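Trainee: Need the 3D shape of this:
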Amino acid sequence: MVIILYLYRLIQSLLAEVHSLKEKVKSLESANLFLVKMFSLYPAVRQRRFDDSRSPKYQKFKTDILPRFQYLNDDWDWKSLVECYQKHYGKSIHPVKRRGECCIPKGTVCPHCGAPMEYLYQNNGSKGQLLCSVCGTRFSPDRNRYHKDYILRCPYCGHALVAVKDRKHFRVHKCVNQKCSYYLHNLQKVDKQDLSENYGKWKYKLHYIYREFSLDFFKIDLDSLPSNASSLRFSKHSLYVMSLCLTFHVNLQLSLRKTAQALNDLYGIQISHQQVANYAMTAAILIKPFVDHFDYSPSNELVGDETYIKVRGRKSYVWFIMDAVKRSILGYQVSESRDVGPCILTMRMAFRNFREKLPKGFRFVADGYSAYPLAAQQFHLQYGEPMHFDITQVLGLTNEDEVSAEFRPLKQLVERLNRTFKSTYRVKCGYDNYDGANYNVALWVAYYNFLRPHQSLSFHVLNRIPMLDNAGIMPNKWQLLMYLGQKTIISLQKDNPFFQS
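Mentor: Residues are numbered from 1 along each chain as shown. Here you go, the predicted model:
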């Protein structure tokens, strides 16, 4: 009773403040200031000051901005430099007059301007550093910075980055400058109790870090076809039996052995489960190019997520990117690891319909995993401003911040997609190899995008194909999808001869 009375008095006081607002303020600017001050008193409206996303302990999961690239391939010529010096100062640069025997190896030239050995000094005696008298460059004959095409520098202090770790597909560069503004700013957020401990600062990410990838994920062919598929020359069964296998195996979510048993029990067709797997792999190879290159006309809102599968008893991952408005799956990948490489490949597949330029107001929604911001950074580095976008991250399972509360419904779309996929994957109890995982996912995406009736669309398909409207039963639709896939492969072979492999 006391709580109800307190809430009633609070509501009455707020209503009184709102009604008296016109009398308290005289201009629109002072009215806005008064509203900000009034609503900032209540925690339901204001943003939390010390939430998890701003905590220094979560800094290690964030992706830093791109570094500064200092390119070193300047076209300097020592002869032109000598002429410019003569013209500007009226003096000439003469070769070095040595007082003793020269220890500089023969054939050594300046890596910056190409000056010959006659213009090179031994700058620090026998320690090996040389100095060019033409351009003033200091270098070592065995190892110098001009062997590189560029130098990575910290965007905050300009200090050269140092390679500290080598991983499988990338190298970690770190700014070790103790006076860097980025380092000093993060150091102020660290708990003083951790600073007093030995190695307490190692719990936090304080320095600027950049990952330089050694493998170019933008040159990996997304359309390569495997060579271990059976042909369409049927010696015992027909194409209709193949489409029946797809209907039972994909549509009705039966395993390979259950599919073979259903064909024998219902139609008297004796077929092995291995032949069902061969038919499914061949169909996936035919249908996958059509699914991947179909013009989905996507919207400006995409959402991505990854889920777990088992391949040979080991944990693997499936990446999905779907259109948040039209619900179509635009990109998918099966990967052995949960790193940034498969994430980039999935984004490349999803961005095909954008023609290397994102639409206005583009938004990509994902969870708090750090691979998505890192992949977005690589797209910006590869294509520049036309492919620059930020990741809207929905953190955790509860709405602890305003961004998560606003975009939680979009994240739930891809979570619902994962549960739909897991319902078909659960009957398989894992995959025997990655080829089987790839063709199963490809067939399921084709079924989801073109054949599956969706309740949200009044049990219509997501992408209507006029050829399939009059196909009738489901086996006929699978045959038409394989026919469309063959036409897509022929058109791709004309445009790209390497696709024939």
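Trainee: Go ahead and confirm residue 253 touches residue 422.
Mentor: No: checked against C-beta atoms under 8 Å, the pair residue 253 and residue 422 is beyond contact range at 11.0 Å. In this view, the C-beta of every residue, glycine as well, is placed from N, C-alpha and C.
Trainee: For residue 319, give me the backbone phi and psi.
Mentor: With angles defined as degrees, to the nearest 10, residue 319 sits at phi -100, psi 130.
Trainee: residues contacting it?
Mentor: Applying C-beta atoms under 8 Å, 6 or more residues apart in numbering, we find residue 319 in contact with 304-306, 331-335, 342-343, 346.
Trainee: Distance check, the residue nearest the centre of the chain against residue 366.
Mentor: Nearest to the mean C-alpha position of the chain, by C-alpha atoms, centre = their mean, lies residue 375 at 2.8 Å. As defined by C-beta to C-beta, to the nearest Å, residue 375 lies at a distance of 10 Å from residue 366.
Trainee: how close does residue 331 get to residue 343?
Mentor: 10 Å.
Trainee: Residues in contact with both of these two, list them for me.
Mentor: Joint contacts of residue 331 and residue 343 (C-beta under 8 Å, 6+ apart) are 304, 319.
Trainee: Can you pick out the residue with more neighbours from these two?
Mentor: residue 343 (27 against 22; other C-beta atoms under 10 Å).
Trainee: Next, please give the residue ranges for the strands of this structure.
Mentor: Taking DSSP state E to define them, one finds strands in the chain at 68-71, 120-122, 130-132, 138-139, 150-153, 162-166, 170-174, 209-213, 301-311, 314-323, 329-335, 363-366, 391-393.
Trainee: what pairs with the third one, and is each one parallel or antiparallel?
Mentor: Translated: strand 130-132. strand 120-122 (antiparallel), strand 138-139 (antiparallel) (DSSP bridges).
Trainee: Return the member of those strands having the minimum mean pLDDT.
Mentor: When these are ranked by mean pLDDT, strand 138-139 comes last with a mean of 81.
Trainee: Outside of that one itself, list whatever touches it.
Mentor: Against strand 138-139 from outside (C-beta under 8 Å, 6+ apart): 110-112, 123, 129-132, 145-146.
Trainee: picking up where we left off before, export the strands paired with strand 130-132 to a markdown table and append columns for distance to residue 464.
Mentor: Below are those laid out as a markdown table (distance: least, C-beta to C-beta, whole Å):
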| stretch | distance to residue 464 |
| --- | --- |
| strand 120-122 | 73 |
| strand 138-139 | 66 |
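Trainee: between those strands, which gets nearest to residue 14?
Mentor: When the strands paired with strand 130-132 are compared by C-beta to C-beta, strand 138-139 sits nearest residue 14, at 70.8 Å.
Trainee: ok so, going back, could you dump the strands of the chain to JSON lines with distance to residue 460?
Mentor: Output for those, formatted as JSON lines (distance: least, C-beta to C-beta, whole Å):
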{"stretch": "strand 68-71", "distance to residue 460": "50"}
{"stretch": "strand 120-122", "distance to residue 460": "77"}
{"stretch": "strand 130-132", "distance to residue 460": "73"}
{"stretch": "strand 138-139", "distance to residue 460": "69"}
{"stretch": "strand 150-153", "distance to residue 460": "52"}
{"stretch": "strand 162-166", "distance to residue 460": "51"}
{"stretch": "strand 170-174", "distance to residue 460": "44"}
{"stretch": "strand 209-213", "distance to residue 460": "42"}
{"stretch": "strand 301-311", "distance to residue 460": "21"}
{"stretch": "strand 314-323", "distance to residue 460": "16"}
{"stretch": "strand 329-335", "distance to residue 460": "17"}
{"stretch": "strand 363-366", "distance to residue 460": "25"}
{"stretch": "strand 391-393", "distance to residue 460": "29"}
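Trainee: Count residues in the vicinity of residue 359, would you?
Mentor: With other C-beta under 10 Å as criterion, residue 359 counts 10.
Trainee: The nearest residue to residue 456 once chain neighbours are set aside and residue 82: what is the separation?
Mentor: Nearest non-adjacent residue to residue 456, counting by C-beta to C-beta, 6 or more residues apart in numbering: residue 327, 7.3 Å away. Distance, residue 327 to residue 82, by C-beta to C-beta: 69 Å.
Trainee: got it, and residue 197?
Mentor: Applying C-beta to C-beta, the value for residue 197 to residue 82 is 59 Å.
Trainee: follow-up on the earlier one: just so I know, which of the strands paired with strand 130-132 lies nearest residue 438?
Mentor: Closest approach to residue 438 among these (C-beta to C-beta): strand 138-139, 49.7 Å.
Trainee: Spell out the residue ranges of the helices in the stretch 401-501 of the chain.
Mentor: 402-425, 434-446, 466-469, 474-495 (DSSP state H, counting those that start in this stretch).
Trainee: what's near enough to touch the residue nearest to residue 128 when sequence neighbours are not counted?
Mentor: Spatial nearest neighbour of residue 128, excluding adjacent residues (C-beta to C-beta, 6+ apart): residue 140 at 5.4 Å. Residue 140 sits next to 128-130 when contact means C-beta under 8 Å, 6+ apart.
Trainee: where are the low-confidence patches of the chain?
Mentor: Along the chain, the model assigns pLDDT under 70 to residues 1-10, 18-59, 72-75, 125-126, 143-148, 224-231, 496-501.
Trainee: Any figure for the gap between the residue lying farthest from the centre of the chain and residue 141?
Mentor: Residue farthest from the centre of the chain, counting by C-alpha atoms, centre = their mean, is residue 99 at 60.2 Å. The gap separating residue 99 from residue 141 is 21 Å, by C-beta to C-beta.
Trainee: ok, now residue 220?
Mentor: Applying C-beta to C-beta, the value for residue 220 to residue 141 is 38 Å.
Trainee: nearest to residue 397, of the contacts of strand 138-139?
Mentor: residue 145 (48.4 Å).
Trainee: Spit out the contact partners of the residue nearest to residue 273 when sequence neighbours are not counted.
Mentor: Nearest non-adjacent residue to residue 273, counting by C-beta to C-beta, 6+ apart: residue 256, 3.9 Å away. Listed by C-beta under 8 Å, 6+ apart, the contact set of residue 256 reads 249, 273-274, 276-277, 280.
Trainee: Just send the contacts of residue 319 back as CSV, with distance to residue 313 too.
Mentor: As requested, those are exported to CSV (distance: C-beta to C-beta, whole Å):
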residue, distance to residue 313
304, 27
305, 23
306, 19
331, 27
332, 22
333, 21
334, 16
335, 17
342, 20
343, 24
346, 24
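Trainee: what sits against residue 122?
Mentor: Residues in contact with residue 122 (C-beta under 8 Å, 6+ apart) are 103-104, 129-131.
Trainee: Most neighbours out of the residues you listed, which is it?
Mentor: residue 130 (21 neighbours).
Trainee: from memory that residue sits against residue 120, does it?
Mentor: Yes: Residue 130 lies in contact with residue 120 (C-beta under 8 Å); the separation is 5.0 Å.
Trainee: Name the residues contacting each of those two.
Mentor: When contacts are counted by C-beta under 8 Å, 6+ apart, residue 130 and residue 120 are jointly contacted by 104, 108.
Trainee: Could you measure from the spatially closest residue to residue 69 that is not a sequence neighbour over to residue 67?
Mentor: Distances taken as C-beta to C-beta, 6+ apart place residue 150 nearest to residue 69, at 4.9 Å, with adjacent residues excluded. Residue 150 sits 10 Å away from residue 67, taking C-beta to C-beta as the criterion.
Trainee: With that, I have no additional questions.
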